[in-house]
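Enquirer: Got a predicted model here, sequence first, then my questions.
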Amino acid sequence: MADAGRPFLIAGAGPGGLALAILLRRAEIDARVVEKAQGPRTGGGALVLWPHGTRALAAVLGEGPARALGPAFRRVHVRGWTGALTHDLPIGKLAAGGGGWLMALERGRLIDALLGALGREHVRWGAPVESATTEGDRVCVRLDGGEEIEAAALVGADGFHSKVATYLRGDVPPRLANMVAWIGSSPTPGSDATRLTSTDGQGRRFLHIPHATGSWWYAYTHASFGVADMAALRACFRGYPPPITDLIATTPDGSWLRFELQDRPPSTVWGTGRISLLGDAAHPCTPDLGQGVCMALEDAVVLAATLASEAGPTEAAFRRYEGQRSERTAGLQRASWAVSQVSCPGSEFAAQVRDTVFSAVPAAALLSGFAAMFADPAAQATGAKPTK
């Protein structure tokens, strides 16, 4: 599908941007990706994809290749800091009817699979977008260094610090969650490879993700604890149930990541003319519900289908896509922020209140909330089905 010889530019070679490029090229739209990094960003540790994310990934790669990227899980266990089981959630059974599954995978493996499906020749590395202007059926994109590209459209999939989002919304400062996240990988295996386990305590939370040759893990600590290195992290979780301290202790030096949790509140501004946003550029959220990549993949599926139904990158197509996605993503942003604030309270009293309230919530109520998260009517309405 040509547009007067002008390419459809996507800023950002993360999962959402690459997925969109694959789907657009499949629809014969000349999609090209420009990325500020000098090569693929394959770091970042492990990702958890909930069923709505894997359903979208299957629409991009095919179900077989998507499933091959990482282990699937049937259950999620939630425990208190003593190890007592609070909830046993059969997520696999809940997801079975919706075309998705719960899985974990290394971010680098996902990027490699998406680049393989797209073709690396369609990505230009070391080409950060600096600014853009739109007029009628064209977009003028200016790269860092001064080069200008006349494009049929521009989608900013350039992450939390998006230049395209700054152009559209202005410089919106991030909101700090007063939490620090740690991501690591250990050779220590899990006792049950079919479940994820979240352990919650005062000002700290630990997610254990077993896989075939070891374990991935996420740890969250309240900023007031001042945990700055792995020795302090081990001390912070001392006394917690196994295998938490073993997983931290057996994580190789220098292989872990540490970052402060932050987001930006939902915005009603997603685009103008033939410019729009996708993924963290559109709806940056904390990682507490594991929604970042899931929402980005959903965005790609919905936007590609909307463009196909409108016969190309029209302004009407972009506004329809934004209307389909903005309410759902804003809800997930707010929910992620809420979890970040209540799941790891810094005071003992607040942690006791959380434990009392959460333990009284029936599993059926939690599963109902998960079902709402997994079932995206806008994505399903596009008719995008997983391919084998």
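Expert: Everything's here; your move.
Enquirer: In the stretch 101-250 of the chain, what residue spans correspond to helices?
Expert: For the stretch 101-250 of the chain, applying DSSP state H, counting those that start in this stretch gives helices covering 107-118, 163-169, 230-236, 244-249.
Enquirer: starting at the chain centroid, how far to the shortest one?
Expert: Distance, stretch centre to chain centre, for helix 244-249: 25 Å (CA atoms, centre = their mean, to the nearest Å).
Enquirer: ok, now stretch 26-33?
Expert: 23 Å.
Enquirer: Got the phi and psi for E298?
Expert: phi -60, psi -50 (degrees, to the nearest 10).
Enquirer: go on, the one 10 residues further on?
Expert: A308 has phi and psi values of phi -60, psi -40 when expressed as degrees, to the nearest 10.
Enquirer: So which bits of the strand ranked longest in the chain are buried?
Expert: Ranked by number of residues, the top strand in the chain under DSSP state E is strand 175-186. Neighbour counts using 16 or more other CB atoms under 10 Å place A177, M179, V180, A181, W182, I183, G184, S185, S186 of strand 175-186 among the buried residues. For glycine as for every other residue, the C-beta is placed from the backbone atoms N, C-alpha and C.
Enquirer: repeat for stretch 210-221
Expert: So, applying 16+ other CB under 10 Å, buried residues of stretch 210-221: P210, H211, G214, S215, W216, W217, Y218, A219, Y220, T221.
Enquirer: Might you report the residue contacts of the fourth one?
Expert: S215 sits next to S185, S186, T188, P189, G190, H208, I209, P243, L247 when contact means CB atoms under 8 Å, 6 or more residues apart in numbering.
Enquirer: Quickly note the distance from it to P71.
Expert: 11 Å (CB to CB, to the nearest Å).
Enquirer: cool, the last one as well?
Expert: Note on T221: its distance to P71, by CB to CB, is 26 Å.
Enquirer: Can you list the low-confidence ranges for the chain?
Expert: 1-4, 376-388 (pLDDT under 70).
Enquirer: Which parts of the stretch 251-388 of the chain are strands?
Expert: Here the stretch 251-388 of the chain has its strands, by DSSP state E, counting those that start in this stretch, at 257-263, 275-277.
Enquirer: winner for burial among the ones you listed?
Expert: strand 275-277 (a mean of 27; mean count of other CB atoms under 10 Å).
Enquirer: That one - contacts with which helices or strands?
Expert: Contacts defined by 3 or more CB pairs under 8 Å, 6 or more residues apart in numbering; DSSP states H and E place strand 275-277 against strand 153-156, helix 163-169, helix 315-342.
Enquirer: Having no further points to raise, I will conclude here.
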